[in-house]
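Novice: need a structure here:
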Amino acid sequence: MKAIVLEADWQPRADYPITQLEIDSQKATMASQVWRNPRYAEAVVSDPTPGPRDVVVKVRACGVCGSDTHCYETDDEGYIIFSGPVQLPVVPGHEYAGEVVAVGKEVRELKIGDLVAAEGMLNCGSCEACRTGHPNQCPYLDMVGFSSPGAYAEYIAVEERFCWKLNGIAERLGDAQRALEIGALVEPISCPFNGIFVAGGGMRPGDHVAVFGAGPIGLGAIALARAAGAATVIAFDVSDERCTLAKALGADEAHNPITLAQNGTSPSEEIRRLSRGWGADILVECAGAALKTMPEIEKSFAPGGKMIYLGRTGERAPVMLDVLVSGAASIIGARGHAGMGCFPQVIRLLEHGRINAEAMITARRPFTEFMSALDQSCARTDGKIMVHY
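Specialist: Residues are numbered from 1 along each chain as shown. Just a heads-up that it's a prediction; the model follows:
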């Protein structure tokens, strides 16, 4: 089958404490410290065959994720920017939906013809982390498109337990392809769902919410906050185009911090103004730019406020911990989207039209134009670029 394959050179930085496990597996825990000179290329790879508990999905839509972009872009020394775990070579792509075309002999719930979206965090299910409700922290975790074959391909094999049906969305829309494109958004929307409602413990109707970064993850956070009854939602992004998208997804206001600075104000001042001095009950960092966002976030906490950190960066950021003490505030990290009902809850919201996720899609590209889609993603002005098959 046709696929895209990502390769790079294994060259650990001199100051990176590489472990023997990483060397033996060729799986870097922090890819930005190991993989250099990335190369995406079209290739022909073997068709997947289902194991006893697997299904084979014919991929019909796959979103270009910021993590894909970070595996394409490099720093000045040629190292990829993505700081998560990566094992190469690999077929990338993890925000996907498609049609089941084959099933293993032990598959019970899915049948050929079902439309599905699938989780990308392949946890083992049996370790202590998985069994105590932390599947995204599984020590044996594989990530689709990074350390396990991904969906920039015609087909992908995946365990049935990671798949969720999209048939209800298709029935509501009366259009299978539209349903599959929306289904490919379940993964990026489930990441802020996990951050706000699972790792972060939830929010209350009437909360003031601030979102830093209006890429797809931030847009999902905005839509979810609005659906959950936020009193106000304010967003910040250095792209004017994404600020416009933020308002389409439900933000009351969206501001470019560069423009704010030119006008003599700042994100924290705008948060205080919109909340009548109270501050933000929930702050979601989706920009992966903590060095720039943390100083503003520290000034923006409402009493008892929570910051949900979803952005990834290999940098350390200073934090004034006294702010957390005096304000009874908290910082909560969240990775992934697996477990605790993230996927089915988001699918219910989409199935019943509670969030307008389709507005996130700002560009569509055929699979044959994947490299152009990847180049386009580097501009960081789109919402979601959707590759279709």
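
Novice: all helices for the stretch 201-350 of the chain, in order.
Specialist: 216-227, 240-248, 257-262, 267-274, 290-298, 321-327, 342-351 (DSSP state H, counting those that start in this stretch).

Novice: need the contact list for Glu160.
Specialist: Neighbour list for Glu160: Arg53, Asp54, Val55, Val103, Gly104, Val107, Arg108, Glu109, Leu110 [criterion: CB atoms under 8 Å, 6 or more residues apart in numbering]. Glycine gets a C-beta too; all of them are placed from N, C-alpha and C.

Novice: closest to Asp375 among these?
Specialist: Nearest to Asp375, judged by CB to CB, of the contacts of Glu160 is Val55 at 32.6 Å.

Novice: buried residues in the helix or strand containing the closest one, which are they?
Specialist: Secondary structure from DSSP states H and E places Val55 in strand 54-63. Within strand 54-63, the residues scored as buried using 16 or more other CB atoms under 10 Å are Asp54, Val55, Val56, Val57, Val59, Arg60, Ala61, Cys62, Gly63.

Novice: stretch 300-313 now?
Specialist: By 16+ other CB under 10 Å, the buried positions in stretch 300-313 come out as Ser300, Phe301, Ala302, Gly305, Lys306, Met307, Ile308, Tyr309, Leu310, Gly311, Arg312, Thr313.

Novice: now those residues as JSON lines including distance to Asp237 and pLDDT?
Specialist: Output for those, formatted as JSON lines (distance: CB to CB, whole Å; pLDDT from 0 to 100):
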{"residue": "Ser300", "distance to Asp237": "16", "pLDDT": "98"}
{"residue": "Phe301", "distance to Asp237": "21", "pLDDT": "98"}
{"residue": "Ala302", "distance to Asp237": "22", "pLDDT": "98"}
{"residue": "Gly305", "distance to Asp237": "21", "pLDDT": "98"}
{"residue": "Lys306", "distance to Asp237": "21", "pLDDT": "98"}
{"residue": "Met307", "distance to Asp237": "17", "pLDDT": "98"}
{"residue": "Ile308", "distance to Asp237": "17", "pLDDT": "98"}
{"residue": "Tyr309", "distance to Asp237": "17", "pLDDT": "97"}
{"residue": "Leu310", "distance to Asp237": "14", "pLDDT": "95"}
{"residue": "Gly311", "distance to Asp237": "12", "pLDDT": "88"}
{"residue": "Arg312", "distance to Asp237": "17", "pLDDT": "78"}
{"residue": "Thr313", "distance to Asp237": "16", "pLDDT": "74"}
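
Novice: columns distance to Ile331 on top of these, output as JSON lines?
Specialist: Output for those, formatted as JSON lines (distance: CB to CB, whole Å):
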{"residue": "Ser300", "distance to Ile331": "13"}
{"residue": "Phe301", "distance to Ile331": "10"}
{"residue": "Ala302", "distance to Ile331": "14"}
{"residue": "Gly305", "distance to Ile331": "10"}
{"residue": "Lys306", "distance to Ile331": "8"}
{"residue": "Met307", "distance to Ile331": "5"}
{"residue": "Ile308", "distance to Ile331": "8"}
{"residue": "Tyr309", "distance to Ile331": "6"}
{"residue": "Leu310", "distance to Ile331": "12"}
{"residue": "Gly311", "distance to Ile331": "12"}
{"residue": "Arg312", "distance to Ile331": "15"}
{"residue": "Thr313", "distance to Ile331": "14"}
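
Novice: and the strands in the stretch 51-200 of the chain, which stretches?
Specialist: 54-63, 86-87, 95-103, 115-118, 121-122, 142-143, 155-159, 163-165 (DSSP state E, counting those that start in this stretch).

Novice: ranking these by burial, who's on top?
Specialist: Ranked by mean neighbour count under mean count of other CB atoms under 10 Å, the strands of the stretch 51-200 of the chain are led by strand 115-118, which reaches a mean of 26.

Novice: just the pLDDT for Ala225.
Specialist: Per-residue confidence at Ala225 stands at 98 (pLDDT).

Novice: which residue packs closest to it, ignoring adjacent ones?
Specialist: Excluding the flanking residues, the one nearest Ala225 by CB to CB, 6 or more residues apart in numbering is Val209, at 4.2 Å.

Novice: neighbours of the one you found, how many?
Specialist: Neighbours of Val209 under the rule other CB atoms under 10 Å: 29.

Novice: so who does it touch?
Specialist: With contact set as CB under 8 Å, 6+ apart, Val209 has these partners: 203, 221-222, 225, 230, 232-234, 280-284.

Novice: and it, bridged to which residues?
Specialist: On the basis of DSSP bridges, Val209 is bridged to Val233, Ile282.

Novice: would you mind measuring from it to Arg39?
Specialist: 40 Å (CB to CB, to the nearest Å).

Novice: likewise Cys138?
Specialist: Using CB to CB, Cys138 is found at 29 Å from Arg39.

Novice: one more: Ser275?
Specialist: 47 Å.

Novice: more neighbours: these two, which one.
Specialist: Shown here are Ser275 and Arg39; by other CB under 10 Å, Ser275 has more neighbours (20 against 12).

Novice: residues in contact with the nearest residue to Ser266 once chain neighbours are set aside?
Specialist: Distances taken as CB to CB, 6+ apart place Leu260 nearest to Ser266, at 5.7 Å, with adjacent residues excluded. Going by CB under 8 Å, 6+ apart, Leu260 touches Ser266, Pro267, Glu269, Glu270.
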